[in-house]
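Chemist: Predicted model follows, preceded by the sequence.
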Amino acid sequence: MTGELIYEVKNVSKRYGSVVALDGASLKLHAGEVIGLVGDNGAGKSTLVKVLSGAHKSDGGQIFLDGVERTWESPRDALEAGVETLYQDSGLAPHLTVSENVFLGREKTVGGFFGWLGFLAKKQMNVEAQQDLEKVGIAFPSANRPISQLSGGQRQAVAIGRAVSWARKVIILDEPTNHLGARQAGEVLQIIRAAKAKGLGVIFISHTLPHVLEVTDRIVVLRLGRIVKDTPTAEYNVDTLLGTITGTIQTIKVEGD
Amino acid sequence: MTDSKLANQAAPKGFNWKPLVTNQSSILIAVILLLAGVFSAGSYGSFWDVSVFNNILTDWGLIVLLAVGQTFVVISGGIDLSVGSTVSLSGVVAGVVMVNWMHLDLNVKNEAAIAPLLLALLICIATGVAVGLLNAFLVNIVGIVPFIATLATLGGGAGLAIIWSGGMPLQGPNFYGLVNPINLGGIDFSPISFAVLLVGIIVTVAGLFLHKARFGLYTYAIGSNAFAAKAAGISVKRHLTWVYVVSGALSGIAGMYAYTRLGSGSPSSGTGLELQAIAAVVIGGTSLMGGSGKMLGTILGAFLLYEVQSGLLMVGMDPNWKQVIVAIMIAGAVGIQGFNFSQRRK
């Protein structure tokens, strides 16, 4: 069902002062695979996301994309390599419009001298943002409305639509179903399935365990900065997954170690 | 996805004039016209004298140069307090070079002064760029908040201006025709002067870059959510460096503007102007929180500031009231912003 190995981190660590946020975490992601990354608050999920997306540099460890070792000096490096990330709650600029957010960092300019000066093709971006988001199946109002005028669910939809429409290899979604009602959350899960069908590797981070169980192929459990379990989703139900996250169920063996 | 289709149908069509004329700009235009009427009546019509308008426009031009740069800085989420002392410092540096080093004095006049004044302009811009780079270094590399970083360069710049000038204006080459109303071949363009015309061009170009180009988009994005800007692949530190350099360069041009008016590089020519520039930006509707603001608002804010200051003198009010009135205007502008903000959040 899943394709070849596309994204891999080996033994990454990250400290913030004396706090060890990540302690030798390793992870493999295949094309067309959805993995769930779960853990309690403070387990290191967001730190791992930031290392994977280039927002933070790890203190140690290696990152491989398509088998080639890479270092992300900034998010731009990861974006250009085809790794898109939806950050929890903070990925959009509220004063900018929908299409400005979709195209931020990858703007379309007008042709000729004015394009060289950075003058923007705003109408073209509005039209294309609208098309891209519709293609992804995203509910959103007009592309030239500021994000601050949208509801929490609509904002989340724009953020997901941006990530999915730009992603070429890997898409990392940190709590994409936050702020969403049941129907909209269902739509997000549908978008994840569509991304998987396109052959993208998806990393799905969520506290909503039924969503994780529903959409993922494999679940990676983080606790106190360490990956304590990495097994197929079919081996879990909500209770055993919760037990593994909180540590009430002992985890002896870590697959892939 | 049904609600998206409904929302799309309800989206406004046709010419989108809102980015050009915000509500705050409409309010400002109304206030400017209303006050023009009041001052006109109170001064028995002499408010409309071209010399009064030339004065308003000339004062306006100096502040607009600073306020344009300040608009970029404030939208990016920062503040630049150093602009006032950069006006003094750049004028003094230009004066030192022309008077002390090249031994050109105030007898170099009019057309003969054009070449030295162009050199002086380049020196002023270079001085402003240097201050901008220092501000960017303090903010980006040392990690000092912009308010404190530029407070330091404000004090340092003012000090150097006094030391290098010896505390006295350096009188050098001059061409007052540049700041007087243009009179070309008998056609009087009052109250427009060459200097004001130049400011108009700079403002237009700056406005286009703020509202239509990538430079402006990144400025808004960083002020709105710096993490989102970084995550989208924008080099936030590099862009902020450019923003402070633009503000510094415009302050340098303002330094040359002040020099041209006075015919000298004075260590006090920019004293206190940073507060006037920030007042113009804030009255123009730009939020000190960053992420929002309009160039047109800044220009109208600066005009209103000088209309009020000139108008009050024309109607015979004690000039000491000026500061009180400006304070009330700032409080009023920020109050309107806060009111709009709380309305939107409901």
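Modeler: Yep, it's here. Numbering: from 1, shown residues only, chains lettered A, B, ... in the order given.
Chemist: ranges for the strands of the stretch 51-200 of chain B?
Modeler: Ranges of strands in the stretch 51-200 of chain B, per DSSP state E, counting those that start in this stretch, are B:170-171, B:181-184, B:187-193.
Chemist: Make TSV from those and add mean neighbour count, mean pLDDT and distance to chain A to it.
Modeler: C-beta here means a position set from N, CA and C on the backbone, and glycine is covered the same way. TSV is the format used below for these (neighbours: other Cβ atoms under 10 Å in any protein chain shown; pLDDT from 0 to 100; distance: least, Cβ to the nearest Cβ, whole Å):
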stretch	mean neighbour count	mean pLDDT	distance to chain A
strand B:170-171	20	94	37
strand B:181-184	14	84	29
strand B:187-193	15	83	27
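Chemist: Of all those, which one comes closest to A:Val98?
Modeler: strand B:187-193 (41.5 Å; Cβ to Cβ).
Chemist: Next, count neighbours for A:Arg183.
Modeler: 9 (other Cβ atoms under 10 Å in any protein chain shown).
Chemist: Might you report the residue contacts of residue 128?
Modeler: Defaulting to chain A. Contacts for A:Glu128 (Cβ atoms under 8 Å, 6 or more residues apart in numbering or on different chains) come out as A:Ser99, A:Phe103, A:Lys108.
Chemist: hm, I was asking about chain B
Modeler: Here B:Gly128 is in contact with B:Thr86, B:Ser90, B:Gly248, B:Ala249, B:Leu250, B:Ser251, B:Gly252, B:Ile253, B:Gly255 (criterion: Cβ under 8 Å, 6+ apart).
Chemist: residues in the stretch 1-150 of chain A within reach of chain B, list them.
Modeler: Taking Cβ under 8 Å from any Cβ of the partner chain as the contact definition, the stretch 1-150 of chain A meets chain B at A:53, A:55, A:74-76, A:79-80, A:85, A:87, A:90-96, A:100-101, A:104-107, A:109, A:117-120, A:122, A:130, A:134, A:137-142, A:144-145, A:148-149.
Chemist: Check the residues you listed for burial and list the buried ones.
Modeler: For these, a burial check counting by 16 or more other Cβ atoms under 10 Å in any protein chain shown picks out A:53, A:55, A:74-76, A:79, A:85, A:87, A:91-96, A:100-101, A:104-105, A:107, A:109, A:117-120, A:122, A:130, A:134, A:137-142, A:144-145, A:148.
Chemist: got TSV for the contacts of B:Gly128, with neighbour count and pLDDT too?
Modeler: Converted to TSV, the contacts of B:Gly128 look like this (neighbours: other Cβ atoms under 10 Å in any protein chain shown; pLDDT from 0 to 100):
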residue	neighbour count	pLDDT
B:Thr86	37	98
B:Ser90	36	97
B:Gly248	30	98
B:Ala249	23	98
B:Leu250	29	98
B:Ser251	35	98
B:Gly252	32	98
B:Ile253	24	97
B:Gly255	37	97
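Chemist: ok, so of those, who is nearest A:Ile245?
Modeler: For the contacts of B:Gly128, the nearest to A:Ile245 is B:Gly248 (52.7 Å; Cβ to Cβ).
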